[in-house]
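# Quick one, what's the 3D model for this:
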Amino acid sequence: MMQDILQTFRDYYRTPAVRNRILEFLGGSTPADATCEFITADGIGQPVRAPRSPGELFARLDEGLDICRSLWDRESLIAHLDVEYVNFDFAAEAYLDPARTFLMQEPVARAIRRILDHHGIDPLHVLSGRGHHFAWRIDRGSEAFKSLAAMGKRASIDDSFPSNDSKDYPLLSQAFAGLGMVMEFLGRLVIELARPESEIPIELTAVEVGPSGRGREMISIDLSEYGDPLRTRTVRVPFSAYLKPWQQLYAVGSNNISKIGPIIFVPVDGLDIRQGMVVMRDPALAARLAERISARIPNQTFGTSSLIRHYQGSALRRYHEYFYSSMHDPVDRWPWTYDRAPLGDLPVEARNALMFPNDLLLKPSGIRSVTECLLERDWHPRHIAGLIRSKFERDYDWGSQWIDYSPAMRADFYVRIFSSAKTSVAREAARIRGREISGDILPELRATPATENQLEFRL
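Next comes the predicted model:
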């Protein structure tokens with residue numbers, strides 16, 4: 001059965017239009033002129049996401065593999081927003097009941113499009129096996145890029161980078177960090193708009209929620225890529241095979257995998273979501289779709305400038321300024337600072353996460369527990385991140401966990417999104433003299449709520 005699915009994709013990838021659309025997303029008309037820094041190609045089994053030259057693309061397609069491209073691009077800054085249905089008890093749910101999976105996400109997808117439309121951003125909208133992806137690019141020579149780099153300068157601590165494009169990489173890394181703050185703002189707006197219409201919880205990351213009739217299910221606005229160095233993160237390529245169920249067989253279950261069938265990462269262009277669900281599970285239809293639509297990442301620099309200005313006037317921006325107003329304690333001070341943090345009076349979940357960080361602090365729920373209880377004890381959120389970083393950088397048998405990733409960036413990112421979610425309204429009023437985040441949402445976005453029959457998912 002495993003070999004059958006790979007053969008299905010080998011046959012599918014032979015379609016010239018499919019290969020052309022994949023090349024468009026890589027930023028070129030041939031592998032040699034692709035603007036992405038690298039690609040990855042994985043089959044069934046646990047993905048390794050090893051960087052490969054774009055020049056290997058056709059050979060990897062001949063193997064029927066799942067293709068991703070780097071977010072790191074040599075010409076643009078790539079903005080990417082990932083929305084997924086997550087069920088912590090039944091991982092196969094999204095694949096076995098796709099109609100309900102996408103129905104649960106309609107309020108979120110609708111809110112994203114309403115906000116982006118308001119700012120004049122027309123993204124590439126792609127369906128995955130579990131949700132939606134939105135992508136657009138920003139010129140590296142633009143004022144929008146410069147604004148993002150300036151905002152992200154204090155947040156970017158990715159100072160280890162490869163030699164390729166190394167002259168420009170530090171500035172690109174700073175812009176990516178600034179983009180992460182703007183995308184957090186966008187995510188907060190989406191939650192504010194979508195939550196009244198959503199039947200299940202919506203979070204900015206895949207953090208565990210309480211049970212419901214279908215298990216612990218939620219919608220994740222997944223911003224996790226902005227918590228890691230740009231050079232490490234990838235996004236799946238439109239018209240690529242979606243092999244995640246086979247790569248996560250341990251969670252999906254061997255008894256379910258035969259019920260799923262092939263899934264293809266397809267753009268939405270003139271299709272409604274129900275049509276898209278049909279196309280993404282039929283390689284022949286996906287190949288026909290590739291003959292008539294583009295998978296090029298659109299340049300949306302002007303609209304991004306509008307979104308940046310909205311963020312810059314928001315309470316969340318003021319909270320971010322407060323967050324980065326402090327620094328982690330120096331490493332040589334940890335034995336007298338973070339290592340002496342009192343744990344005895346902490347709630348059990350937070351105490352256990354700090355005592356057994358591998359793997360409790362690798363889970364968003366563990367970081368959230370530590371963040372919430374230490375905020376209640378008047379810790380500055382940047383020092384909460386410093387404490388968590390100190391655990392990440394101690395020897396807890398991490399193996400290769402931190403070879404490519406940054407403990408400091410990861411700690412800052414998750415503490416920032418959890419502390420802003422819980423404290424921004426009160427702390428902005430008391431410390432930053434700001435408004436509630438919900439008060440920053442444009443009133444016109446609320447004025448004409450769309451009904452289900454009015455949904456539009458067009459480029």
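
# Tell me the spacing between the nearest residue to Arg60 once chain neighbours are set aside and Leu316.
Leaving aside its chain neighbours, Arg60 sits nearest to Ala41 (3.7 Å; criterion: Cβ to Cβ, 6 or more residues apart in numbering). The way it works is simple: take the backbone N, C-alpha and C, and place the C-beta from them, glycine included. In this view, Ala41 and Leu316 are 38 Å apart by Cβ to Cβ, to the nearest Å.

# just Leu189 next, same as before
Applying Cβ to Cβ to Leu189 and Leu316 gives a distance of 9 Å.

# Where does pLDDT dip in this protein?
Flagging of the chain using pLDDT under 70 yields the residue ranges 1-3, 158-167, 422-459.

# by contact count, what packs against the lengthiest strand in it?
Identified as the longest strand of the chain according to DSSP state E is strand 76-87. The contact analysis (3 or more Cβ pairs under 8 Å, 6 or more residues apart in numbering; DSSP states H and E) places strand 76-87 against helix 93-96, helix 98-118, strand 131-139, helix 169-194, strand 217-222, strand 234-236.

# That one: how far from the chain's middle?
From the chain centre to the centre of strand 76-87 is a distance of 4 Å (Cα atoms, centre = their mean, to the nearest Å).

# do the same with stretch 176-185
Computed by Cα atoms, centre = their mean, the chain-centroid distance of stretch 176-185 equals 11 Å.

# Extract the C-alpha trace of it and format it as PDB.
What follows is stretch 176-185 as a C-alpha-only set of coordinates in PDB (Å, rounded to 0.1, in the frame of the first residue of the first chain):
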ATOM      1  CA  PHE A 176      11.300  38.000   9.200                       C
ATOM      2  CA  ALA A 177      11.200  38.600  13.000                       C
ATOM      3  CA  GLY A 178       9.300  41.800  12.400                       C
ATOM      4  CA  LEU A 179       6.900  40.000  10.100                       C
ATOM      5  CA  GLY A 180       6.300  37.500  12.800                       C
ATOM      6  CA  MET A 181       5.000  40.300  15.100                       C
ATOM      7  CA  VAL A 182       2.700  41.600  12.300                       C
ATOM      8  CA  MET A 183       1.500  38.000  11.700                       C
ATOM      9  CA  GLU A 184       0.800  37.600  15.400                       C
ATOM     10  CA  PHE A 185      -1.300  40.800  15.200                       C
END
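
# Identify all contacting residues around that stretch.
71, 77, 79, 81, 138, 147-153, 155-156, 158, 204, 223, 226-227, 230, 304, 307-308, 310-311, 314, 316-317, 320, 413, 416-417, 420 (Cβ atoms under 8 Å, 6 or more residues apart in numbering).

# Stretch 325-338 now?
Taking Cβ under 8 Å, 6+ apart as the rule, stretch 325-338 contacts His380, Arg382, His383, Ala385, Gly386, Leu387, Arg389, Ser390, Glu393, Ala408.

# So the fourth one sits against Ala411, correct?
Yes - assessed by Cβ atoms under 8 Å, Ala385 is found in contact with Ala411 at 4.2 Å.

# on that earlier part again, now the helices and strands packed on strand 76-87 in CSV, with mean neighbour count and distance to Asp269?
Shown next, in CSV, are the helices and strands packed on strand 76-87 (neighbours: other Cβ atoms under 10 Å; distance: least, Cβ to Cβ, whole Å):
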stretch, mean neighbour count, distance to Asp269
helix 93-96, 20, 23
helix 98-118, 20, 14
strand 131-139, 22, 13
helix 169-194, 24, 22
strand 217-222, 24, 23
strand 234-236, 21, 17
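
# Give me the subset of the contacts of stretch 176-185 lying in helices.
147-152, 304, 307-308, 310-311, 316-317, 320, 413, 416-417, 420 (DSSP state H).

# Please indicate which of those are buried?
Neighbour-count burial (16 or more other Cβ atoms under 10 Å) applied to those gives 147-149, 151-152, 304, 307-308, 310-311, 316-317, 320, 413, 416-417, 420.

# Distance of Ala149 relative to Ser173?
Distance from Ala149 to Ser173, by Cβ to Cβ: 9 Å.

# just Arg154 next, same as before
Arg154 sits 12 Å away from Ser173, going by Cβ to Cβ.

# Wait, Val86 touches Ile219, no?
Yes - between Val86 and Ile219 there is a contact at 7.5 Å, judged by Cβ under 8 Å.

# Just list the residues touching Arg377, thanks.
Contacts for Arg377 (Cβ under 8 Å, 6+ apart) come out as none.

# And it, how far from Ala421?
18 Å.

# Asp11 now?
Taking Cβ to Cβ as the measure, Asp11 falls 46 Å from Ala421.

# When those two are compared, which one has more neighbours?
Remark: of Asp11 and Ala421, Ala421 carries more neighbours, 20 against 13, as counted by other Cβ atoms under 10 Å.

# So for that one, what's the nearest residue that isn't a sequence neighbour?
Leaving out its chain neighbours, the residue that sits closest to Ala421 by Cβ to Cβ, 6+ apart is Leu204, at 7.1 Å.

# Number of residues surrounding that neighbour?
22.

# any idea how far stretch 35-43 is from the chain center?
17 Å.

# So what would you say the end-to-end distance of it is?
This stretch, stretch 35-43, spans 24 Å end to end (Cα to Cα, to the nearest Å).
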